[in-house]
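Peer 1: how would this look folded up:
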Amino acid sequence: MRAVPSNLHDSARRLRRDLTKAERYLWRHLRDRQVVGAKFRRQHVIPPFIVDFCCPEQGIIIELDGGQHAVQVEADQRRTVFLEDQGYQVVRFWNHEVLTNLDGVLERITTVLSNPHPSPLPAREREHMSA
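Peer 2: Numbers count the residues shown, from 1 in each chain. As a prediction, the model looks like this:
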C-alpha cells in the first residue's frame, strides 16, 4: 500500500469542513448507513484523488459535479478511468440534480448499491492474473 501524501489528507480535511451546498444536502442522507445500510465516507482519499463520497465496502464512488465540470470533461473521464482501474464504480450527479431531485438521486444510489456492477478487476489484479 502506498503512503498518502500529508497534503492530500490536509486537503481532504479542508474539503470535509467546507462542503458545497449539494454535498452537505446529500451527506445528510448518506451518513450513518441510511441508504441500504451502506457506510459512506465523504471527501475520501484515493491517491492521487479525493472523491466526494465513497463506499469502500461496495466499491462505489459518488461524485457531484458543479458547473466547472462542463469544461473539464476530459479530466473527469481520465479520473473516472483511473478510479475504475482501482476497482471502483463511479456514479456522477450534477449539483443541480441533487438540489432539485434528491429522491431520484437517492433512488439511483439505492439501485447501484443493491445491484453492484460486474466490474472488471482492478488493473493490478488483472496484471497478476495474466502473469
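
Peer 1: going forward, measure contacts between C-alpha atoms and count neighbours the same way
Peer 2: Will do.

Peer 1: elements contacting the helix or strand containing residue 43?
Peer 2: Taking DSSP states H and E as the definition, residue 43 sits inside strand 41-46. Other elements packing on strand 41-46 under the criterion 3 or more Cα pairs under 8 Å, 6 or more residues apart in numbering; DSSP states H and E are helix 6-17, strand 49-55.

Peer 1: rerun at 6 Å
Peer 2: On a contact count with 3 or more Cα pairs under 6 Å, 6 or more residues apart in numbering; DSSP states H and E, strand 41-46 meets strand 49-55.

Peer 1: Strand 41-46 and the strand it packs on, what's the angle between them?
Peer 2: With axes from the mean of the first three to the mean of the last three Cα atoms, to 10 degrees as the basis, strand 49-55 and strand 41-46 are set at 130 degrees to each other.

Peer 1: C-terminal to strand 49-55, what's the next element?
Peer 2: Counting by DSSP H and E, the next helix or strand C-terminal to strand 49-55 is strand 60-65.

Peer 1: Quick check: neighbours of that next one in the sheet, parallel or antiparallel?
Peer 2: Applying DSSP bridges, strand 60-65 is found paired with strand 49-55 (antiparallel), strand 89-94 (parallel).
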